[in-house]
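Undergrad: Sharing a sequence plus its predicted fold:
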Amino acid sequence: MSGSTNPPEVSILIVARNTAPFIGSALASARAQSVADIEVLVVDDGSTDGTTDIVRWHAAQDDRVRLIGGPCNGLSAVRNLSLDACRGRFAAILDSDDILHPRHVERLLAAQRAHGDEICAANMVEFQSDEKGLRAGLFADGKAWRAERRIGLDEFLAGSMFGSRAVSPGYLKPLFDMAFMRRHGLRYDERLRIGEDFDLVLRAMLAGARYRFLPAPGYYYRRHAASTSHRLSPQDLEGLLVALDAVDAGTAGEAAPLLGARRDNLAGALAHLEVIAALKGRQWRRALHITAANPVSRRLTLTSLREAAAKRIGLDFSRRASSPWLRGEEGQGALRQIMAALHAPMHPSTDLSIPAASPSPPHSTTTPPRSRPA
């Protein structure tokens with residue numbers, strides 16, 4: 001596609017801010033896709049750590065890489081700029097610290113062409129690379145996730161609930177049919193600091209988008225010290241509640257009870273934060289009063305206390321252990337691809353060593369994964 005002025009079939013959308021240790025690997029994996037008719041659009045949101053230099057180096061090597069400046073107005077605003085600027089018929093999301101399987105785009109396109117779904121997403125591998133070596137696990141594991149299938153709105157919402165152990169398809173990174181997205185005026189909600197991906201997919205599904213899941217993992221999600229630093233705040237949950245309340249009741253239809261359950265769950269999570277604050281302030285009576293009145297907050301608080309106690313005595317109640325899939329031929333191939341991407345050239349003057357990352361903490365409602373939707 002070198003020198004072509006025709007719109008690409010797929011735009012791989014990356015937004016970045018101060019991710020110099022990782023973005024070289026992300027770009028190398030995007031450029032290595034088996035589908036050549038792509039653009040790799042990077043919106044750099046005011047980086048000060050060399051991220052921009054790395055992107056420019058890749059752009060000099062490959063004219064499919066395009067760099068534009070961000071608005072410095074929050075993650076959702078940056079993502080909207082990438083949606084507005086992309087030229088592809090489809091848009092695939094890649095976070096700047098993650099990696100793609102070489103056939104990721106090819107597989108998503110094949111599924112879309114075969115079935116016509118407006119949203120397609122592949123399973124992913126969560127990995128961590130540090131001085132202890134490479135550790136990884138399959139994200140959506142178990143019998144229900146071994147076959148390609150369509151995800152319904154009920155399953156999509158059920159997996160999003162705080163305290164649920166169900167797999168949430170809202171965490172996956174999709175391929176969007178941009179004609180559908182633009183026809184329905186679908187964009188990221190710029191009021192949200194977290195859960196912006198989930199919210200966008202939810203509104204797309206309410207508008208009629210069909211969501212297809214592919215079991216073969218094509219997306220490699222990196223966990224590192226910075227990726228687990230965010231803690232939920234009341235403002236985060238209030239933003240999610242405002243966004244949910246903004247959903248047009250006329251489009252909800254049969255999904256109205258599901259949306260109501262989601263709202264009750266968010267309200268319970270907000271009450272849970274009040275309970276934690278009361279416990280820290282030794283306001284025992286207030287904590288008991290809140291939990292007695294709200295079963296969601298009671299369940300979340302008991303889970304948090306159990307995990308905190310386990311952490312103090314050295315136990316790990318992480319949600320997911322390493323999958324047997326990783327010990328098979330396909331899983332071992334995925335690990336080799338991750339290692340190859342980690343050591344791909346990032347920039348002539350960049351140190352290629354992988355910075356140390358702290359071990360992943362147990363999942364809890366107060367410490368969600370990096371940028372996953374709530």
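TA: Received it, and whenever you're ready, just let me know what you need. Numbers count the residues shown, from 1 in each chain.
Undergrad: Tell me where the chain is predicted with low confidence.
TA: Flagging of the chain using pLDDT under 70 yields the residue ranges 1-4, 226-231, 248-252, 308-323, 344-374.
Undergrad: Going by length in residues, pull out the top helix of it.
TA: Secondary structure of the chain per DSSP state H: the longest helix is helix 256-280.
Undergrad: On the C-terminal side of that one, identify the next helix or strand.
TA: Using DSSP states H and E, the helix or strand that follows helix 256-280 in sequence is helix 284-293.
Undergrad: Output that next one as CSV - backbone C-alpha positions only.
TA: Extracted as CSV, the C-alpha positions of helix 284-293 are listed here (Å, rounded to 0.1, in the frame of the first residue of the first chain):
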residue,chain,number,x,y,z
TRP,A,284,-18.4,1.0,62.4
ARG,A,285,-22.0,1.9,62.9
ARG,A,286,-22.2,3.8,59.6
ALA,A,287,-20.5,0.9,57.7
LEU,A,288,-23.0,-1.5,59.2
HIS,A,289,-25.9,0.7,58.3
ILE,A,290,-24.9,1.0,54.7
THR,A,291,-24.2,-2.7,54.2
ALA,A,292,-27.5,-3.6,55.9
ALA,A,293,-29.4,-1.5,53.5
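Undergrad: buried residues in it?
TA: A287, I290, T291 (16 or more other C-beta atoms under 10 Å). (C-beta placed from N, C-alpha, C; glycine too.)
Undergrad: what separates the longest helix of the chain from the chain centre, distance-wise?
TA: A distance of 22 Å separates the centroid of the chain from that of helix 256-280, by C-alpha atoms, centre = their mean, to the nearest Å.
Undergrad: now swap in stretch 204-216 and tell me
TA: Computed by C-alpha atoms, centre = their mean, the chain-centroid distance of stretch 204-216 equals 15 Å.
Undergrad: who touches that stretch?
TA: 107-108, 111-112, 115-123, 140, 145-153, 156, 169, 172, 174, 176-177, 180-181, 184, 186, 201, 247-248, 251-252, 255, 330 (C-beta atoms under 8 Å, 6 or more residues apart in numbering).
Undergrad: For PyMOL, what selects the buried ones among these?
TA: In PyMOL, this line selects whichever of those come out buried by 16+ other C-beta under 10 Å:
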select buried, resi 107+108+111+112+117+118+119+120+121+122+123+140+151+153+156+169+172+174+176+177+180+181+184+186+201+247+255
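Undergrad: Check the gap between T291 and G88 for me.
TA: 49 Å (C-beta to C-beta, to the nearest Å).
Undergrad: Quick check: what element follows the host helix or strand of L41 along the chain?
TA: Of the helices and strands defined by DSSP H and E, L41 is found in strand 38-44. Downstream of strand 38-44, the next assigned helix or strand under DSSP H and E is helix 51-61.
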